[in-house]
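Asks: attaching a predicted model along with its sequence, questions to come.
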Amino acid sequence: MTVNPSDSAIFGNLFGTAEMRALFADRQHLQYMLDVEAALARVQARLGIVPQDAAEAISAAASVDRLSLDEIATSTQIVGYPVVALVKALGTLAGTDAARYAHWGATTQDIIDTALVLQICAGLDLVERGVGTVVRALAERATRHRGDVMAGRTHLQHALPITFGGKCAVWLAPLLDDIERLRQLRPRVLKVQFGGAVGTLASLGTQGRAVTVALAQELGLGTPDAPWHVSRGALVEATGILGMICGNLAKFATDIILLMQTEIAEVFEPHQADRQRIHHRGRAGGARARPPDARRHGARSRARHWPLAERAARPAADFRPDLGCAGACRDLGGGNGRRCPAHAPQSRQ
């Protein structure tokens with residue numbers, strides 16, 4: 001069994017989707033790093049900082065399919081991050097004349113952070129799409145079951161009557177807020193990182209800011225007011241919003257589990273009975289996985305606050321919590337939207 005269940009061939013789809021796992025896979029992360037290096041060379045060529053021929057050679061060589069992941073892994077074990085081996089390999093592939101211009105003016109964290117932002121950008125698209133699917137399903141159920149009366153419950157005891165449609169609307173409302181939060185988050189988190197060794201871009205002379213602006217435009221990202229090497233608030237916010245989505249889906253799923261109890265049996269979640277199970281027995285398969293997911297995400301999102309108190313102008317390899325929690329967001333953000341029971345909870349009425 002794998003250390004991370006989301007990487008398991010058996011359990012993986014309980015914790016995420018193949019699409020989200022592919023987005024946060026090693027190969028894709030390295031490709032995003034290469035995309036940043038190539039974009040940097042192109043904008044610097046346009047600004048007259050590096051030769052055009054060198055930029056073209058670097059861009060042509062920037063393919064993860066031409067890298068040896070084993071060599072990058074070996075180097076990472078020694079230096080602590082993959083950028084050194086990646087830039088060396090990129091320079092070799094681009095040729096001797098172009099190699100000296102690869103990574104010009106950048107620092108390791110510029111490449112790692114910007115690649116991570118590109119991954120987050122694509123990941124947020126997938127999460128918003130998944131939440132949107134749940135929202136549309138709940139809206140349809142709210143309309144269909146607006147007249148289906150059921151018991152309202154407080155303290156798990158019967159109270160006044162409500163409708164199942166109204167309950168669907170209660171599940172729906174927080175998810176609409178979550179979609180709005182995701183959209184409001186984007187301008188704050190989807191920003192290029194480019195500051196050089198200590199954030200001054202001194203090696204680029206007076207053109208440092210021009211390169212930053214051009215690089216952001218080339219990658220379709222925003223331009224920060226200052227380098228955010230030690231300002232990790234936007235990443236913490238992103239993790240927090242994903243945690244909120246997990247929590248809202250977990251509340252919905254918990255209600256489904258309770259309403260599917262044999263002695264209540266007011267709703268059911270479609271399932272495919274196997275030969276080892278009584279065929280008439282309902283089972284909250286998708287719903288029961290969501291509350292534990294939310295608890296796991298809550299524990300991981302608390303760890304994401306550690307890098308807020310970074311030291312000096314650059315942290316000492318403290319990008320690792322970002323990568324670890326990005327993986328958690330991959331698993332929990334991707335899995336919750338796909339396996340949430342909102343795709344087909346039905347009132348037994």
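Replies: Arrived safely, thanks for sending.

Asks: ok, residue 98 - contacts?
Replies: Residue 98 sits next to 51, 53, 54, 55, 57, 58, 61, 91 when contact means Cβ atoms under 8 Å, 6 or more residues apart in numbering. Where you see a C-beta, it was placed from the backbone N, CA and C, and this is true even at glycine.

Asks: give me the nearest residue to the fifth one, chain neighbours excluded.
Replies: For residue 57, ignoring the flanking residues on the chain, the nearest one in space by Cβ to Cβ, 6 or more residues apart in numbering is residue 98 at 3.8 Å.

Asks: can you classify the one you found as helix, strand or coil?
Replies: helix (DSSP: H, G, I helix; E, B strand; the rest coil).

Asks: if you rank the contacts of residue 98 by neighbours, which is first?
Replies: Counting neighbours by other Cβ atoms under 10 Å, residue 58 leads the contacts of residue 98 with 30 neighbours.

Asks: helices or strands up against the helix or strand that one falls within?
Replies: Using DSSP states H and E, residue 58 maps to helix 52-61. When contacts are defined as 3 or more Cβ pairs under 8 Å, 6 or more residues apart in numbering; DSSP states H and E, helix 52-61 sits against helix 26-46, helix 83-94, helix 96-99.

Asks: would you mark the buried spots in the last one?
Replies: Yep, that's helix 96-99 we're talking about. For helix 96-99, the neighbour count (16 or more other Cβ atoms under 10 Å) marks 98, 99 as buried.

Asks: helix or strand right after that helix?
Replies: Assigned by DSSP H and E, the successor of helix 96-99 is helix 108-144.

Asks: the helix or strand following that next one pairs with which strands, parallel or anti?
Replies: Using DSSP H and E, the helix or strand that directly follows helix 108-144 along the chain is strand 149-154. With DSSP bridges as the test, strand 149-154 is paired with strand 157-163 (antiparallel).

Asks: same question for the strand it pairs with, mean pLDDT?
Replies: Taken as a whole, strand 157-163 has a mean pLDDT of 93.

Asks: thinking again about what came up before, measure the residue nearest to residue 57 to residue 112 for me?
Replies: Separation of residue 98 from residue 112 (Cβ to Cβ, to the nearest Å) stands at 22 Å.

Asks: and what of residue 192?
Replies: Applying Cβ to Cβ, the value for residue 192 to residue 112 is 12 Å.

Asks: same deal with residue 91?
Replies: Residue 91 sits 18 Å away from residue 112, going by Cβ to Cβ.

Asks: residue 183 now?
Replies: 26 Å.

Asks: ok, those two, which is more surrounded?
Replies: Neighbour count, other Cβ under 10 Å: between residue 183 and residue 112, residue 112 has more, with 21 against 11.

Asks: next one, pLDDT for the more buried one please.
Replies: As predicted, residue 112 sits at a pLDDT of 96.

Asks: looks like it contacts residue 80 (just checking).
Replies: No: counting by Cβ atoms under 8 Å, residue 112 sits too far from residue 80 to count as a contact (11.0 Å).

Asks: can you give me the offset of stretch 24-35 from its chain's centre?
Replies: 14 Å (Cα atoms, centre = their mean, to the nearest Å).

Asks: need the contact partners of it.
Replies: Contact with stretch 24-35 is made by 22, 62-64, 67, 69, 72, 82-83, 86, 90, 111-112, 114-116, 118-119, 123, 219, 326-327, 330, as judged by Cβ under 8 Å, 6+ apart.

Asks: that'll do, ta.
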